[in-house]
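S.K.: structure of the sequence below:
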Amino acid sequence: MALDHQFVLSLASCQLSTLCSCVCDCQSSCVCVNSRLFIHKQVSSFYRWKNYWIRGVLSLAMIFGFFLIIYMGPITLILVVMSVQIKCFQEIITIGYRVYHSYELPWFRTLSWYFLICVNYFFYGETVADYFGALVQREEPLQFLARYHRFISFALYLAGFCMFVLSLVKKHYRLQFYMFAWTHVTLLIVVTQSHLVIQNLFEGMIWFIVPISIVICNDIMAYLFGFFFGRTPLIKLSPKKTWEGFIGGFFSTVVFGFILAYLLSQFQYFVCPVGYNSETNSFTIECEPSDIFVMQEYTLPAAIQNTLRWKTVNLYPFQIHSIFLSSFGSLIGPFGGFFASGFKRAFKIKDFANTIPGHGGIMDRFDCQYLMATFTHVYIASFISLYLYYIAVVNIMMSTPLHLSVSFQRI
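M.R.: The predicted structure is shown next:
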């Protein structure tokens, strides 16, 4: 239909600053309808999908990199954990520095990094002494460092403590003590838990891979369920988190962890503790798998027997443990992310850094991992080690002659 005079006048009457769509009726009149909201929704949708694609591609790249690092072995994993630790520490310390850089606090960044070195020396010196004993005994300098390790660690920390006291400036007392506490809390969160990650690794690669994979799976599945089905907000700290994503992520993670535990339990490379061979100067991953990585037959409850018509099922005991790990990783683990969200809101920042496009900083990816690593370490110490110790004692008692066993019990 050709434009008539009324159409032109109607179009001209619309404000230039407002985008309009013209709807013409049979009398050639036109009604301007404000489409600003419509355009805004379309643009928001475009950027939303663009962000999802960026996150998806980089997530796949990180997963591939994770598999590659596992293939390269324990040394590479340890170096990666330490690199992640240093980067996370740098991101958190930088936030504090940016907030208070105008005060020109003396020696703040220097002392922060110095304390990081001291704490790493303390923790990883202990690790070297525990797991590389043969190497330590062979080298005289290492023997000295191992013998007086804790004293040297304390002396190094004490030097930093004295430097901090000497750096105090009258007009910045409160702020300097605030940043001193900031540094130490960061060390507690980042370095201590990174140390626990490496401790888990030495117990067997499976104790490193499964917990990390559980958190990754939960993050991905909660994201997908929330994207496609999310309607009900979960927590105010993270408005994009939904109950649908939280619940969907939980069930998906439990199934994923159960299957992954079954697959990895079949290989010595994953289940054996990481050891050091002094003759070849290399790590070794060879052993007789413990009972939790040996297939066992379990009798199903009567109700399940009547439903499935199965009386027994063959499982690796570690698969049962994986259910507890998955439950923690999907129900409690996300609270590490909520904690980080609250921290970022307190300082009015979106991400810890811009290291990974679409994902933020390294700390944004590992906020839940550190909490999971601590739980895994406590779980191993409380249940796995105690169970294996009990089995070892029973085996010794069973292999001991009766009269010696009676004497042992009397003692």
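
S.K.: what residues does stretch 251-268 touch?
M.R.: With C-beta atoms under 8 Å, 6 or more residues apart in numbering as the contact definition, stretch 251-268 has outside contacts at 205-206, 209-210, 213-214, 217-218, 221, 225, 270-271, 285-287, 289, 293, 315-316, 318-319, 321-323, 325-327, 329-330. In short, each C-beta sits where N, CA and C put it, glycine included.

S.K.: now the buried members of the residues you listed.
M.R.: Applying a neighbour-count criterion of 16 or more other C-beta atoms under 10 Å, the buried members of the contacts of stretch 251-268 are 205-206, 209-210, 213-214, 217-218, 221, 225, 270-271, 285, 289, 293, 315-316, 318-319, 321-322, 325-327, 329-330.

S.K.: hang on, isn't Leu116 packed against Cys88?
M.R.: No. Using C-beta atoms under 8 Å, Leu116 is not in contact with Cys88, being 10.8 Å away.

S.K.: looking at the two, which one has more neighbours?
M.R.: Neighbour totals were compared for Leu116 and Cys88, and Cys88 leads with 27 against 20 (other C-beta atoms under 10 Å).

S.K.: helix, strand or coil for the more buried one?
M.R.: Taking DSSP: H, G, I helix; E, B strand; the rest coil as the rule, one finds Cys88 in the helix state.

S.K.: next one, pLDDT for Ser282 please.
M.R.: Predicted confidence (pLDDT) for Ser282: 76.

S.K.: neighbours of it, how many?
M.R.: For Ser282, the tally of surrounding residues (other C-beta under 10 Å) stands at 12.

S.K.: ok so Ser322 is a helix residue?
M.R.: Yes. With three-state DSSP as the criterion, Ser322 is located in a helix.

S.K.: that one - nearest residue in space that isn't next to it in sequence?
M.R.: By the measure of C-beta to C-beta, 6 or more residues apart in numbering, the closest residue to Ser322 outside its immediate chain neighbours is Ala261, 3.7 Å from it.

S.K.: element containing the one you found?
M.R.: Following DSSP states H and E, the helix or strand that holds Ala261 is helix 243-264.

S.K.: about what we covered before: what about the contacts of stretch 251-268, which are in helices?
M.R.: When DSSP state H is applied, the contacts of stretch 251-268 are split such that 205-206, 209-210, 213-214, 217-218, 221, 225, 270-271, 318-319, 321-323, 325-327, 329-330 fall in helices.

S.K.: low-confidence ranges in this protein?
M.R.: 1-52, 55, 102-103, 389-392, 394-395, 399-411 (pLDDT under 70).

S.K.: how does it divide up, domain by domain?
M.R.: Following automatic domain parsing, one gets these domains for the chain: 73-200, 204-379.

S.K.: tell me the spacing between the residue nearest to Ser322 and Gln319.
M.R.: According to C-beta to C-beta, to the nearest Å, Ala261 and Gln319 sit 4 Å apart.

S.K.: try Ala159
M.R.: Distance of Ala159 to Gln319, given as C-beta to C-beta: 49 Å.

S.K.: can you check Phe229 too?
M.R.: 28 Å.

S.K.: same question, Arg365
M.R.: The spacing between Arg365 and Gln319, counted by C-beta to C-beta, is 27 Å.

S.K.: what do you get for Trp107?
M.R.: In this structure, Trp107 lies at 52 Å from Gln319, with C-beta to C-beta as the measure.

S.K.: what does Trp53 give?
M.R.: Counting by C-beta to C-beta, the gap from Trp53 to Gln319 is 35 Å.

S.K.: ok, now Ile214?
M.R.: Look at Ile214 and Gln319: by C-beta to C-beta, they are 13 Å apart.

S.K.: how about Glu203?
M.R.: For Glu203, the distance to Gln319 under the criterion C-beta to C-beta works out to 17 Å.

S.K.: likewise Phe250?
M.R.: Taking C-beta to C-beta as the measure, Phe250 and Gln319 are separated by 17 Å.

S.K.: same deal with Leu175?
M.R.: Taking C-beta to C-beta as the criterion, Leu175 is separated from Gln319 by 52 Å.

S.K.: for the stretch 101-250 of the chain, what spans make up the strands?
M.R.: Along the stretch 101-250 of the chain, the segments classed as strands by DSSP state E, counting those that start in this stretch run 233-235, 238-242.

S.K.: show me what the first one pairs with in its sheet, parallel or antiparallel.
M.R.: Here strand 233-235 is paired, per DSSP bridges, with strand 238-242 (antiparallel).

S.K.: list the contacts for Leu156?
M.R.: Leu156 neighbours (C-beta under 8 Å, 6+ apart): Ile117, Cys118, Tyr121.

S.K.: same thing but at 10 Å, please
M.R.: With contact taken as C-beta atoms under 10 Å, 6 or more residues apart in numbering, Leu156 is in contact with Tyr114, Phe115, Ile117, Cys118, Val119, Tyr121, Phe122.

S.K.: now these: which count as buried?
M.R.: Buried residues within those, counting neighbours by 16+ other C-beta under 10 Å: Tyr114, Phe115, Cys118, Val119, Tyr121, Phe122.

S.K.: may I see these arranged in JSON lines, with distance to Leu145 as well?
M.R.: Compiled in JSON lines, the buried ones among the contacts of Leu156 are given as follows (distance: C-beta to C-beta, whole Å):
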{"residue": "Tyr114", "distance to Leu145": "19"}
{"residue": "Phe115", "distance to Leu145": "20"}
{"residue": "Cys118", "distance to Leu145": "14"}
{"residue": "Val119", "distance to Leu145": "16"}
{"residue": "Tyr121", "distance to Leu145": "9"}
{"residue": "Phe122", "distance to Leu145": "12"}
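
S.K.: in terms of helices and strands, where is the residue nearest to the spatial centre of the chain?
M.R.: Nearest to the geometric centre of the chain sits Gln369, at 1.5 Å (C-alpha atoms, centre = their mean). The secondary structure element spanning Gln369 is helix 362-379 (assigned by DSSP H and E).
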